[in-house]
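*Asks:* would you be able to build a 3D model of this:
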Amino acid sequence: IGFFATGPGSAAAAGALGVIVTRSLAQVAEKVLAERERARVGSVAAVAVARIAERLREGHKPRSDFFREDGKLQTDGGQLLEGVLLKARDEYQEKKLEFLGRFYGNLAFSGDISAPVAYFLLKVFDQLTFRQLVILSLIHKEGPIDFKNLRSQDHADPELEALKREEMDLHSTDLG
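*Replies:* As a prediction, this is how the structure comes out:
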């Protein structure tokens, strides 16, 4: 990963991360996957690797705590990547895949999110719809959004009613 990002100098810095990515991909690939499942896993892996390469080019250092092996268990980074790839395999809402790949690509550098929190976020991610992820992305980019008018009425349009329910579901989980 480091080599593709910025050449041989970064290859050493990202060596452990590259081993984790390769090992996790191999473990998931050993499972019998249908063609669409392989495409989903490959897509998320490609997005994650691209995000990791981008972060390395920007000069960020991968977090060492996620990729340190103790010889007993798979590293947290490896377990999380395997979880991300398995979620990708089973994700029928394929628009979510880019979010999933970016989640791991950013997580590889974010020292303020512990492994237990990351495991929880992966579980929460699985429960969100694509539109809910877009709403969260908008809130992150634009700041608070007033959905009061959307919530306060019944809508004849089923799309608006579904959007209202998805926003209310986010609000009830303290994510929105």
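*Asks:* please report how far residue 157 lies from residue 99.
*Replies:* Relative to residue 99, residue 157 is positioned 26 Å away (C-beta to C-beta, to the nearest Å). From N, CA and C alone the C-beta is placed, and that goes for glycine too.
*Asks:* same check on residue 163?
*Replies:* Using C-beta to C-beta, residue 163 is found at 18 Å from residue 99.
*Asks:* how about residue 160?
*Replies:* To residue 99, residue 160 is 23 Å away according to C-beta to C-beta.
*Asks:* kindly report the same for residue 138.
*Replies:* 13 Å.
*Asks:* so between the two, which is more surrounded?
*Replies:* Between residue 138 and residue 99, counted using other C-beta atoms under 10 Å, the more crowded position is residue 99 (18 against 11).
*Asks:* need phi/psi at that one.
*Replies:* Note on residue 99: its backbone torsions stand at phi -60, psi -40 [degrees, to the nearest 10].
*Asks:* could I get the buried residue list for the longest helix seen in the chain?
*Replies:* Of all the elements of type helix in the chain, the one with the most residues (DSSP state H) is helix 35-57. Taking 16 or more other C-beta atoms under 10 Å as the neighbour-count basis, helix 35-57 is seen to contain the buried residues 37, 40-45, 47-53, 55-56.
*Asks:* looking at those, which is nearest residue 112?
*Replies:* Distance to residue 112 across the buried residues of helix 35-57 (C-beta to C-beta) is lowest for residue 55, with 14.8 Å.
*Asks:* mind checking how far stretch 155-166 is from the chain centre?
*Replies:* With C-alpha atoms, centre = their mean, to the nearest Å as the basis, stretch 155-166 stands 27 Å off its chain's centre.
*Asks:* to clarify, my last question referred to stretch 93-107.
*Replies:* Averaged over its C-alpha atoms, stretch 93-107 has a centre that lies 4 Å from its chain's centre (C-alpha atoms, centre = their mean).
*Asks:* thanks a lot, see you next time.
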